[in-house]
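>>> Here is the input, now give the coordinates:
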Amino acid sequence: MPNSSSRRSTADDDSEMFDLAPVALWLEDFSGVKALFEAWREQGVTDLRAHIGEDVRRIAECASRIRVIKVNQKALSLFEAADFSSLTDNLSTVFRDDMLKTHLEELCQLWSGQPHFTSQTVNYTLGGRRLDILLKGKILPGHEERWDRVLVSTEDITELENARHRVTAAEQHVRGLFEHSPVSLWVEDFSAVKRLLDEARAAGITDFRTFTDVHPEFVERCMAEIHVIDVNRHTLEMFAAPDKKTLLSRLPEVFRDDMRPHFREQLIDLWDGKLFQQREVLNYSLEANEVHVHLQFSVLPGHERTWDLVLVALTDITARKKAEAYLEFLGKHDVLTKLRNRSFYVDELNRLERKGPFPVTVIMADLNGLKRVNDQLGHAAGDALLRRAGEVLAKAMETPFNAARIGGDEFAILLPGTDERGGAAMIETIRQLVDLNNQFYPGSPISFSMGAATVQRGERIEEGVQRADLLMYDEKRAHYTSQEAGSK
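Just a heads-up that it's a prediction; the model follows:
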């Protein structure tokens, strides 16, 4: 068996290893804590956390029962202590503030019968510098009954915690930018869409546009495979959603109808490797209102192989679209009557001349008595008469027919794909609507002088316009002749 000399050598080695360990080590005596625990148990205490909660001073009482036997050089260096005495004489400087809260967790682990404990706590150097500490303690073998030898390591994780705080702060900053962005932001997972495209490619599909022409259900399937991970606050406002859960559960109401051809084009771009895209699309709010948006789509860096993280930004351009539509309306419509204007009429004549369909019937109409009303009752009354004329002609029109105001009291009606009988039927419909309109508007009645001409393929439509014009003027002369005869 080993002699006394070898035993001393082993002890010396253990002491040297303890002293030179690269981690701050504390050898402590917890026997006083154990005795205090036994006394509390004899008093009937079963829940240590609740017992200490009744009087938090009991944590300090436990701490005061711990005796530090020795520390190593790393511990003295970490806590900026010159020697053992200067450290132990100033433990109230080292263990304070948040330390007592985490000390409770250590005590509860020992109370439950565990021979070891772990906690993350805050200590302070003798110079006042804050240290984030990972603390681990273990009752040494052979001392489980008395707890008189507990080895405690205190690892400085301040830099690690600072880095974690910086990452957390950065995440909060990014989250704040996401949540409070003035545009609608969607974080989506397109990985299932990528799998479907990869499967189609593996099946030998090369012309994806033709493939989706023949199989529109494939586009629907891809649309259903998009997984929305998150949206920001502006998205909820834009789509009139009370919360994210409601919006995500009602996405088919948002992406429907006119969205499908846009999404097909998006798929074709993805098929061609375009991982950043932008286009104008039409969505719908949960209140069923149209929402025109400028969509920017980007597979985020690092996710190009899986498409599992995609950022979609939607800028609401509804107001702009309405303004553009109104400007387009003004460019092709007469503001007063809401009918098409002369510019549209000229363009449509040229289009019909090139493309038909023939026969094309042209009706030229003139509003009777407008000058008299303007002269006798004023232009406001004349404008009211023109608005009524617009109501009548608009009511008579069905696609692809169009009525246009081409002068002060002059109107033209273009009826593509319509023969003489269709033109005569349209004139009769207009006269019936005029009679009905006059019943609702007492005072100045409206009436039209009209002439119709039909143009066959190979004829100039302008010649038909001239024939219809002559017939209209014949009827107009007859109208005024009849009025003059009636007034005598």
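>>> use CA for all of it now, contacts and neighbours both
OK.
>>> Bridged to residue 188, which residues?
Beta-bridge partners recorded for residue 188 (DSSP bridges): residue 228, residue 310.
>>> how many neighbours does it have?
Using other Cα atoms under 10 Å, residue 188 has 19 other residues around it.
>>> Next: residue 24.
Residue 24: 23 neighbours (other Cα under 10 Å).
>>> Find the nearest non-adjacent residue to it, please.
residue 75 (4.1 Å; Cα to Cα, 6 or more residues apart in numbering).
>>> ok, and what's touching the host helix or strand of that neighbour?
If you go by DSSP states H and E, residue 75 is part of helix 73-78. Applying Cα atoms under 8 Å, 6 or more residues apart in numbering, the contact partners of helix 73-78 are 19-26, 82-84, 87, 125, 154, 156.
>>> And the buried ones among those, selectable in ChimeraX?
Selecting only the buried entries of the contacts of helix 73-78 in ChimeraX, with 16 or more other Cα atoms under 10 Å as the criterion:
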select :19,23,24,25,26,84,87,125,154,156
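>>> What is the nearest of the contacts of helix 73-78 to residue 62?
residue 26 (17.2 Å; Cα to Cα).
>>> Confirm that the closest one lies within a strand, as I assumed.
Yes. Under DSSP: H, G, I helix; E, B strand; the rest coil, residue 26 falls within a strand.
>>> and the next element down the chain from the helix or strand hosting residue 37?
Assigned by DSSP H and E, residue 37 falls within helix 31-42. For helix 31-42, the following helix or strand on the C-terminal side (DSSP H and E) is helix 48-54.
>>> so after that following helix, what's the next helix or strand?
Helix 48-54 is succeeded, C-terminally, by helix 57-64 (DSSP H and E).
>>> which residues sit against that next one?
32-33, 36, 52, 100, 103-104.
>>> One more: stretch 263-280?
197, 208-209, 212, 219, 223, 292-299, 304.
>>> wait, which of those is closest to residue 331?
Closest to residue 331, out of all of these and judged by Cα to Cα, is residue 292, at 21.4 Å.
>>> Any idea what the closest one is bridged to?
Bridge pairing for residue 292 - DSSP bridges - gives residue 282.
>>> now the strands for the stretch 351-488 of the chain?
For the stretch 351-488 of the chain, the strands defined by DSSP state E, counting those that start in this stretch occupy 360-367, 402-405, 410-416, 448-455.
>>> ugh, wrong one, I meant the stretch 201-350 of the chain
Listed in chain order, the strands found in the stretch 201-350 of the chain under DSSP E, counting those that start in this stretch are 227-231, 276-284, 290-299, 310-316.
>>> how about the ones you listed in JSON lines, adding distance to residue 177 and mean pLDDT?
Shown next, in JSON lines, are the strands of the stretch 201-350 of the chain (distance: least, Cα to Cα, whole Å; pLDDT from 0 to 100):
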{"stretch": "strand 227-231", "distance to residue 177": "12", "mean pLDDT": "95"}
{"stretch": "strand 276-284", "distance to residue 177": "21", "mean pLDDT": "93"}
{"stretch": "strand 290-299", "distance to residue 177": "17", "mean pLDDT": "94"}
{"stretch": "strand 310-316", "distance to residue 177": "13", "mean pLDDT": "95"}
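>>> Figure out which of the strands of the stretch 351-488 of the chain is closest to residue 313.
Of these, nearest to residue 313 by Cα to Cα is strand 402-405, at 39.9 Å.
>>> what about the closest one, distance to the chain center?
Distance of strand 402-405 from its chain centroid, counting by Cα atoms, centre = their mean, to the nearest Å, is 43 Å.
>>> buried ones in that strand?
402-405.
>>> next one: stretch 150-170
150-157.
>>> Pull the residues that contact it.
23-30, 75, 78, 131-140.
>>> Of those residues, select the buried ones using a PyMOL command.
Applying 16+ other Cα under 10 Å to the contacts of stretch 150-170 leaves a buried subset, and the PyMOL line that selects it is:
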select buried, resi 23+24+25+26+27+28+29+30+75+78+131+132+133+134+135+136+137+138+139
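>>> hang on, the earlier thing: give the other helices and strands that the helix holding residue 37 contacts.
helix 57-64 (3 or more Cα pairs under 8 Å, 6 or more residues apart in numbering; DSSP states H and E).
>>> Alpha carbons only: can I get the helix it packs on in PDB?
C-alpha atoms of helix 57-64 as PDB (Å, rounded to 0.1, in the frame of the first residue of the first chain):
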ATOM      1  CA  ARG A  57     -34.200  37.600   4.300                       C
ATOM      2  CA  ARG A  58     -33.900  33.800   4.700                       C
ATOM      3  CA  ILE A  59     -31.800  33.800   1.400                       C
ATOM      4  CA  ALA A  60     -29.200  36.000   3.100                       C
ATOM      5  CA  GLU A  61     -29.400  33.800   6.200                       C
ATOM      6  CA  CYS A  62     -28.500  30.700   4.000                       C
ATOM      7  CA  ALA A  63     -25.700  32.600   2.300                       C
ATOM      8  CA  SER A  64     -24.200  33.600   5.700                       C
END
